[in-house]
Every structure is written in structure tokens, then in C-alpha cells.
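Visitor: here is the input, now give the coordinates:
(one chain, ligands or ions: 2)
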Amino acid sequence: MRTAYTSDQIRAAEAALMARLPEGTLMQRAAAGLAAVCARLLTDRCGRVYGSRVVVLAGSGDNGGDALYAGARLARRGAAVRAVLAGSRVHREGLAALVRAGGRADPYAADETRRILDRADLVVDGLVGIGGAGALREPYAELADMVNDAPGTIVAVDVPSGVDASTGRVAGAAVRAHVTVTFGAYKTGLLVDPGAEHAGAVEAVDIGLGPYLPDPDVAALTAADVVDLLPRPRAESDKYRRGVVGIAAGSERFTGAAVLAVGGALRGGVGMVRYAGPATPAAYVRSRWPEAVVTPLEHARDITRAGRVQAWVLGPGLGTDDTALELARSVLASDVPVLMDADALTLAAAHRRLLHRDAPVLITPHAGELARLLGVPRERIEAERLEYARAAAAELGVTVLLKGSTTLVAEQHRPVRINTTGTPWLAAAGTGDVLSGLAGALLAGGLSCYDAASCAAYLHGVAGRVAASGAPIAAGDVAEAIPAAVRSLVQQDGVPEPGTTGRPHQVGTPAKLKG
Ligand SMILES: NC(=O)C1=CN([C@@H]2O[C@H](COP(=O)(O)OP(=O)(O)OC[C@H]3O[C@@H](n4cnc5c(N)ncnc54)[C@H](O)[C@@H]3O)[C@@H](O)[C@H]2O)[C@@H](O)CC1
Ligand SMILES: [K+]
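Guide: Numbering: from 1, shown residues only. Ligands and ions are numbered 1, 2, ... in the order given. This is a model prediction of the structure:
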């Protein structure tokens, strides 16, 4: 499990550790780790550190101190280091170290700074770290925009300046880094978009904080975690004992959603998939998936006719008319976990009481659907995904899987689980239906809503990558790639996380490095 923490949690842990160490020790550890990553990136880019051009942007706090000390280390290895002092104050010892090592430092001046940024091989963003609050003020905001236009490799110190370390929120201008070197532990804002997207590949530097860290704020499953959690058949398993999932999806108008949800469920490791729905989607499901047990529900909307299941998936392509509502009520009256997606969420927005039941509910909205459920504008959800996923779990009393480029799984009193395995190729019609089927199957296989949602998000992301391999994909391809995705996790223990460069301790996609 990869864990991440808020700024306050990190500060408290640092204070406890610092009390036991000589002053300045932690900053030296941080600067050494930062300089080592910069040296490696410079060697990748220029063949060596000696003779390379480095610009250090130093803010007025300790984040600037880290950057200046790292600059000093690079200067001692022969890099030409120029520091831009952007704050009203500067970390004096850091500045002195840089100057002693042969580096040069000047106050910020727009034209000159632009000129040296244009020629820099590497830029170190030490404007603000976990001490940042709110939108970047000037001249930091202007500098952030300038850095983003610079041709060199951009390395953020601890967090990209302008990204809220505790939430991933970006309130104005913010640095977009290729690599973020973070100290002690991951910050939540490095895993949640839009912060995650600004962070690039994240490398953690161990400064000895481990024993002082509290329970994490958020967590991300690793491949090994998913392998451990996935239900596996035993010698004595039969199709019923492996779990039966029911899919209540599709309508006369929307038949594809039913086919795709069943496709996802069939690859989710259950013993049987039952489909119940109107005659037309039922016929499509039957012809596409002979493996599924199909119960056409002509006029009657009584779901018990479909037979016993251990979990239901309700909603993809269901429609929102009275018959859909009747069917939803029938499914939710059962005593098994129900995953609600798509039209079931639209129905729930209009009829909140649908969500009130004793057995567990997992909802899988995208930002727009959650906006309707909570009655807030979609843009606010997108800007504050973590806060709203948590709020929805608390307010609605359900488990929430909020879809997006990073998927969040929130449940009351648990760390939010974050999934970063997805790929932009997954942004295609029908992939959500596949995810619903897959997560429903994992629920029926005995996982809790929390585990089923986070494992499904992980596998769905990997399946998307496996299917796409850099090319466009259709939703059906994702369903088909699920077994290959599971195999890739099981076969290679400790596979590198998708979207990383394969080095230890990295998350996120170094998008700019990929060109
Ligand atoms: N506390 C520790 O033990 C360690 C801290 N380290 C570094 O110290 C950093 C935290 O240092 P600080 O607490 O000094 O805080 P920062 O250096 O992150 O930021 C504080 C400074 O930024 C200014 N500022 C805040 N928000 C701003 C905004 N929106 N626009 C413009 N300026 C803004 C503040 O006025 C203050 O001068 C960490 O991120 C990390 O880089 C590391 O050296 C490791 C050890
Ligand atoms: K920074």
C-alpha cells in the first residue's frame, strides 16, 4: 500500500523527528536526495552534470532552502547554477552555501529570468512547498507560467508550487513538473488531480520520517495489494460458491450498456453472471454472451424472478422512466450489496430515498453525476474532488467511487483510496459500464464495497493500458483485456506501477518527458 499525508501530518512528524536530531539535519537529507535526482536527470539529458546549466527558483521559506542547498551540491559537481531569489526573504544559510560553491544568485527580474530559463537544462522549483496557502501570489504566479514555458527539465521540490499539498487543489498558476522530489512521505496532493497531473513522476526521498507518521490521509493500492485482495477459486469452489452477480441494466433504447456491463462482470472472477432487463437488451446480451444467464423482464419489474445473486449492478443504460424506477426499487429492496451507476444515479438524485437501505451501496459517479446527487456545480467537484468524494460518502452513507483521471474511493472512517493506473485512452463511451460490471463481480465474489471499488478501478486502469498500448480502444477491448491485466499482476510480482518510469517510489506520468 502506498500511503500519503496532509501537510499538517507531515509537519507534526517532522517536528517529532527534528527534536531528536541536530539542527539542519533534515534539510541536508532532503537537499542531498534532491541533488541526486537532479544529477541523474542532468546526466540523462546532457551526458554529465559538469557544464550543465541549472536555474534554482528560491522562495522565502525552507522549500527555497532545500533548492539552494541542492543547487550548491550541483555547483560543486561543475554545473553552472543561477538562483533566482523570488521572495521578500531568502534562506540565508542555503544562499551562502550556493555562493560558496560557486553559484550565482540574483533577485527576480522578469527579462533576465526569462533569458536564463530559456537556456537552462534543468529548473529547480523551490518557490513554495507544504507551507504554501491559496493561489500563488506575484511574482511567483508569473514565474510559474514562465517556468512552464521553459525548455529544460522541471523538478519540483517537495510539491509543485501552486499545488495544495494536502488536497491537490490548484487555485491559480502552478508549476507543471516533469519530476517531483518529495521528502519523507507522499503528500496527498501529489496523488489527486489536478495536483497529480502537475507533479509528473514523483520520487520520494527517505529522511527518516517513517516511525513518526500517523495513519495515512489517503492510500493507493499496489499491484501486490490487488493480487492479495482478488478472490481466487479453490479446489472445492463451484460456480455458486464463487459468487453470482446480477446485472440490471439496459433498456429498449440503450442496449450496449447492458452488453458491456455483462462483459465486465464475466471477466471479474465470479462463477455466474445473471442478466435481468427488457426484451431487446436481453436478446443482445444472450447473443453476445452465451455464458450469461438471461431473464427477460417483459412487463413485470420483479427482480426476484432472476434468481439468487450475491450482488447487483444497477443502472447502466437503464433509462430514467417509471419502469426503470420500478426496477431500481425492486433491486434495492434485496438484501445484497448494490452497485449504482449511470441512470440509477440520476434516479437517486431525484429520489434520494433510493439510497437508504440496510445492505451496502456502492455508487460509481463521474463528476457530473456526483454534482447532481449533491446539488453542487460540476466545476466545484472537479476542482475539489477529494473533499467532495469524502463529503458524498458521509452525507449519503454509501461508498463512493468517483471516476476521473485519478479515481477516488471514499468511505466514512477509512483513508480515501486513490487509483492512478488509468490512461486517457479510457475516456471513451462504455468504459464505465465495463467498470461497473467488474466491480459488481468483485462485490459478489465477497469483497467489501471499499475493496471491490478500489481493486476494480486498479484493474480497469491496467486493462485500459494493456488494451490500448498507445492506440485508441473501444470499451469492449477493455473488458477483453481484464484477464491479461490480472495475469500481468499475478505473474510479475512487484510490477512497476503503470505510468511510472519503473524506478522505485514513483507515481504519475511524466507526460512532458514522453514528448
Ligand atoms: N520541516 C522540515 O522538517 C523540513 C522541511 N523541508 C522543506 O520545507 C518546506 C516547508 O517550508 P516552510 O514551512 O518554510 O514553507 P514553504 O517554504 O513551503 O513556504 C512558506 C513561504 O511561502 C510563502 N507563501 C505561502 N503561500 C504562498 C502563496 N500562495 N504565494 C506566495 N508565497 C506564499 C510564505 O509566506 C512563506 O514565506 C517543505 O515543503 C520542504 O521543502 C525539508 O527541508 C525537509 C525537512
Ligand atoms: K516547490
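
Visitor: please make it C-alpha for all contacts and neighbour counts, starting now.
Guide: Fine.

Visitor: now stretch 155-173: buried residues?
Guide: Buried positions in stretch 155-173, judged by neighbour count with 16 or more other CA atoms under 10 Å: 155-170, 173.

Visitor: go on, stretch 123-132?
Guide: 123-130, 132.

Visitor: what does that stretch contact?
Guide: 7, 54-67, 86-87, 117, 140, 147, 152-162, 164-165, 175 (CA atoms under 8 Å, 6 or more residues apart in numbering).

Visitor: return the subset of those lying in strands.
Guide: Judged by DSSP state E, the subset of the contacts of stretch 123-132 located in strands is 54-58, 153-157.

Visitor: circling back to that earlier point, which among the buried residues of stretch 155-173 are in contact with ligand 2?
Guide: Counting by CA under 5 Å from the ion, the subset of these that neighbours ligand 2 consists of 156-157, 159-161.

Visitor: and the residues you listed as a markdown table, adding pLDDT?
Guide: Shown next, in a markdown table, are these (pLDDT from 0 to 100):
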| residue | pLDDT |
| --- | --- |
| 156 | 98 |
| 157 | 98 |
| 159 | 98 |
| 160 | 98 |
| 161 | 98 |
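
Visitor: and the two most separated of the residues you listed?
Guide: Maximum pairwise distance in these, criterion CA to CA, is 8.2 Å, between 157 and 161.

Visitor: hmm, back to that, okay, the buried residues of stretch 123-132 in TSV with distance to residue 214 next?
Guide: Shown next, in TSV, are the buried residues of stretch 123-132 (distance: CA to CA, whole Å):
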residue	distance to residue 214
123	33
124	30
125	28
126	26
127	27
128	24
129	20
130	17
132	22
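
Visitor: could you export the ones next to ligand 2 among the buried residues of stretch 155-173 as a markdown table, including distance to ligand 1?
Guide: Shown next, in a markdown table, are these (distance: CA to the nearest ligand atom, whole Å):
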| residue | distance to ligand 1 |
| --- | --- |
| 156 | 9 |
| 157 | 6 |
| 159 | 7 |
| 160 | 10 |
| 161 | 8 |
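
Visitor: ranges for the helices of the stretch 301-450 of the chain?
Guide: 322-332, 343-350, 367-374, 378-383, 385-396, 431-444, 449-468 (DSSP state H, counting those that start in this stretch).

Visitor: any idea of the mean pLDDT in the longest one?
Guide: The predicted model assigns helix 449-468 a mean pLDDT of 97.

Visitor: what's the answer for stretch 67-76, then?
Guide: 98.

Visitor: before we move on, what about stretch 47-61?
Guide: Mean predicted lDDT for stretch 47-61 stands at 98.

Visitor: does that stretch reach ligand 2?
Guide: No. Applying CA under 5 Å from the ion, one finds stretch 47-61 separated from ligand 2 by no less than 8.5 Å.

Visitor: from one end of that stretch to the other, what's the distance?
Guide: 32 Å (CA to CA, to the nearest Å).

Visitor: quick check, distance from that stretch to the centre of its chain.
Guide: 30 Å (CA atoms, centre = their mean, to the nearest Å).

Visitor: ok, stretch 10-20 next?
Guide: Using CA atoms, centre = their mean, the offset of stretch 10-20 from its chain centre is 28 Å.

Visitor: and what of stretch 408-422?
Guide: 8 Å.

Visitor: contacts for that stretch?
Guide: Counting by CA under 8 Å, 6+ apart, 191-192, 216-221, 386, 389-390, 393-394, 397-402, 405-407, 450, 453-454, 457-462, 464-465, 497-499, 507-508 sit against stretch 408-422.

Visitor: can you tell me the SS state at residue 41?
Guide: helix (DSSP: H, G, I helix; E, B strand; the rest coil).

Visitor: go on, residue 196?
Guide: helix.

Visitor: next, work out how far apart it and residue 1 are.
Guide: Taken as CA to CA, the span from residue 196 to residue 1 is 18 Å.

Visitor: can you pull the contacts of residue 19?
Guide: Contacts of residue 19 (CA under 8 Å, 6+ apart): none.

Visitor: and for residue 240?
Guide: 271-272.

Visitor: residue numbering should commence at 20 henceforth.
Guide: Got it, the first residue is 20 from now on, which makes the last one we talked about residue 259.

Visitor: hmm, residue 386 is touching residue 420, no?
Guide: No. Residue 386 is beyond contact range of residue 420, at 10.4 Å (criterion: CA atoms under 8 Å).

Visitor: where does the protein dip in pLDDT?
Guide: Within the chain, the segments meeting pLDDT under 70 span 318-319, 511-534.

Visitor: now the residue nearest the centre of it. Nearest residue, chain neighbours left out?
Guide: For the chain, the residue sitting closest to the mean C-alpha position, by CA atoms, centre = their mean, is residue 425 at 3.1 Å. In space, residue 425 comes closest to residue 439 once its chain neighbours are excluded; the distance is 5.1 Å by CA to CA, 6 or more residues apart in numbering.

Visitor: from residue 420, how far out is the one you found?
Guide: Taken as CA to CA, the span from residue 439 to residue 420 is 13 Å.

Visitor: residue 155 too?
Guide: In terms of CA to CA, residue 155 sits 31 Å off from residue 420.

Visitor: any chance of TSV for the buried residues of stretch 142-151, columns distance to ligand 1?
Guide: Shown next, in TSV, are these (distance: CA to the nearest ligand atom, whole Å):
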residue	distance to ligand 1
142	15
143	12
144	10
145	7
146	7
147	4
148	3
149	4
151	3
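
Visitor: circling back to that earlier point, state the pair within the ones in strands among the contacts of stretch 142-151 that is farthest apart.
Guide: The widest separation within these (CA to CA) is 16.7 Å, between 77 and 172.

Visitor: how much space between residue 166 and residue 135?
Guide: Residue 166 is 11 Å from residue 135, by CA to CA.

Visitor: so between the two, which is more surrounded?
Guide: residue 166 (25 against 18; other CA atoms under 10 Å).

Visitor: for residue 490, give me its contacts.
Guide: residue 444.

Visitor: confirm it sits in a strand?
Guide: No. Counting by three-state DSSP, residue 490 is not part of a strand but coil.

Visitor: relative to ligand 1, which residue of the stretch 170-319 of the chain is the closest?
Guide: The nearest approach of the stretch 170-319 of the chain to ligand 1 comes at residue 177, 5.0 Å away (CA to the nearest ligand atom).
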